[in-house]
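J.: Show me how the following folds:
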Amino acid sequence: MRLALCLCAAALALAFAGQADAASLDVFFYRNGAGYTAQRAVPGTPAPVAAVEMLLQGPTPEEKAAGVTSAIPEGTALVSLEPTADGAIIELSADAVTDLDDLRCEMMFRQFVYTLAQFGLDARVRVQVGGFPLSSYLAPAPPATYSAPVTVPGLKVPLGGVGLSGKRITVSPGHGYVWVGSYWGTQRGVVCGYQPEDFRNIDLATWLKKYLEQDGAYVQVVREHDKTRGNGPSGHPWWQEAAYAWLKDAGYSCSVYASNSGVCSYTGDGVNHVNDDIRSRPLASNLDARGNTDILLSIHTNAFDGTAKGTTVYYCDTGEHVGYGPASIQLCNVIGSEVVSAIQASGEKNGDGTTWNCLGGVCTRYGDFGEIRPSRTLAIDSSRPESGRASCSRTSLADTTCTRSTALSSSLSSSSRRSSSPWLCGGCIRRCAPTSATRRRGRCIRTSSSRTPFRRAWRPGRLEASA
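T.: As a prediction, the model looks like this:
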């Protein structure tokens, strides 16, 4: 079984507001396609438990009227919070899995991470229900296969033959135009006047592809990176389309590009392909290069609300990734260090003039993200917001990151050993928390009077609210 590295090289925008004032706490929500940090007054010294409890209370009526939303279902209660050396284990009531899908799971996870950042407990946040990770309650992805008449994509001859010679890398530029039931929309909004993240990720992927190939790697990009191609199904240029649309056009099977909805067309009345798009990238990586992909590099450039700055690399070492954890963390450390060093060497600084560094002083973090889970690879998400409050200045990650691509080679040499750990995604039936759910027909459902199966159709008021 191959290692799976999901590198989200990008500008993730986190809400690090610093140490809270003695009489206030910061809690993380969403508004108008971006992150939103709200302050809450508290008696005495702020504490993590108080912050999470206030987060679970959701936005105030005034905040809701202003468009502030939370991905956490109403009624979710805190069962326990156990601080650890670099994070926390958060146990929630069964209400947390209501209408759970990949998008909502990720948005909820980010809310807890960013809320605990003010206490320095954001490096390894575990969100659980019934003792199991929140993502354990997601419907499993079906086994990813090729359609019978489809030819396995061929491999390009590498341009070089150095450190990454023979390695197979899937590059996944985040987001793109996606069908959300009745219209096409981008998955991220405009922040600080720049184009949506959906588009700028392609530029980074194109640069990275060139450098990796020069180092001898085989590279497959799961979105269209040729900007000279015409328009796609959304009516916009193909390079702006989401991965699920490109993968369908490229001949991948419906089990890859529509694993959540099961709808094998680009559109469909009432069909939301957002969760399909999230899952399609790692599922495609599992099939690329005849099943021998070594790394999945998932590129994102989030900008939050324009106040955060820094680079972060996320890894996953739970579930199917337990055996890959040590190698994932090692690669996280190498990539985070190299990206920060390259940006600093370029002379670029934050919008407020301070030196670029790891976000919140921590480069390596645990991340329970959809682009990591349904894959047979290591899981890493390296993030860098593009803006500072003062001037919304950009740092070009293209040159500085890609010239450091040899950093991948040193980590791969020690982490490319095949693991015997079973692949627990794909066709498996995920575990159900014994105290709060029951397994029925291969899915986890709540043990309530109505016994309603977990639905997948939840979506924010605006698609862009998924930032």
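J.: Below-threshold pLDDT in this structure: ranges please.
T.: 1-22, 144-162, 288-292, 304-308, 321, 374-467 (pLDDT under 70).
J.: And the helices in the stretch 1-150 of the chain?
T.: Counting by DSSP state H, counting those that start in this stretch, the stretch 1-150 of the chain has helices at residues 48-57, 61-65, 102-116.
J.: Tell me which of these is the most buried.
T.: Most buried of the helices of the stretch 1-150 of the chain, by mean neighbour count (mean count of other Cβ atoms under 10 Å): helix 102-116, with a mean of 24. (Glycine included, C-beta is placed from N, CA and C.)
J.: the inter-axis angle of that helix versus helix 48-57?
T.: 140 degrees (axes from the mean of the first three to the mean of the last three Cα atoms, to 10 degrees).
J.: Could I have the CA atoms of helix 102-116 written out in PDB?
T.: The C-alpha coordinates for helix 102-116 follow below in PDB (Å, rounded to 0.1, in the frame of the first residue of the first chain):
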ATOM      1  CA  ASP A 102     -17.600  16.400   4.300                       C
ATOM      2  CA  LEU A 103     -18.000  20.100   3.900                       C
ATOM      3  CA  ARG A 104     -19.800  20.600   7.200                       C
ATOM      4  CA  CYS A 105     -17.300  18.300   9.000                       C
ATOM      5  CA  GLU A 106     -14.400  20.400   7.800                       C
ATOM      6  CA  MET A 107     -16.100  23.700   8.700                       C
ATOM      7  CA  MET A 108     -16.900  22.500  12.200                       C
ATOM      8  CA  PHE A 109     -13.400  21.300  12.700                       C
ATOM      9  CA  ARG A 110     -12.000  24.700  11.700                       C
ATOM     10  CA  GLN A 111     -14.300  26.500  14.100                       C
ATOM     11  CA  PHE A 112     -12.900  24.500  17.100                       C
ATOM     12  CA  VAL A 113      -9.300  24.800  15.900                       C
ATOM     13  CA  TYR A 114      -9.400  28.600  15.400                       C
ATOM     14  CA  THR A 115     -11.300  29.100  18.700                       C
ATOM     15  CA  LEU A 116      -8.700  27.200  20.600                       C
END
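J.: Quick check: phi and psi at Ala71.
T.: Main-chain dihedrals, Ala71, degrees, to the nearest 10: phi -80, psi -10.
J.: do the same with Ser253
T.: Main-chain dihedrals, Ser253, degrees, to the nearest 10: phi -80, psi 160.
J.: Distance to Gly33 added to the helices of the stretch 1-150 of the chain, as JSON lines?
T.: Shown next, in JSON lines, are the helices of the stretch 1-150 of the chain (distance: least, Cβ to Cβ, whole Å):
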{"stretch": "helix 48-57", "distance to Gly33": "20"}
{"stretch": "helix 61-65", "distance to Gly33": "16"}
{"stretch": "helix 102-116", "distance to Gly33": "12"}
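J.: The helix or strand containing Lys210 packs against which elements?
T.: Assessed by DSSP states H and E, Lys210 sits inside helix 197-214. Counting contacts by 3 or more Cβ pairs under 8 Å, 6 or more residues apart in numbering; DSSP states H and E, helix 197-214 packs against strand 168-173, strand 218-221, strand 295-299, helix 397-402.
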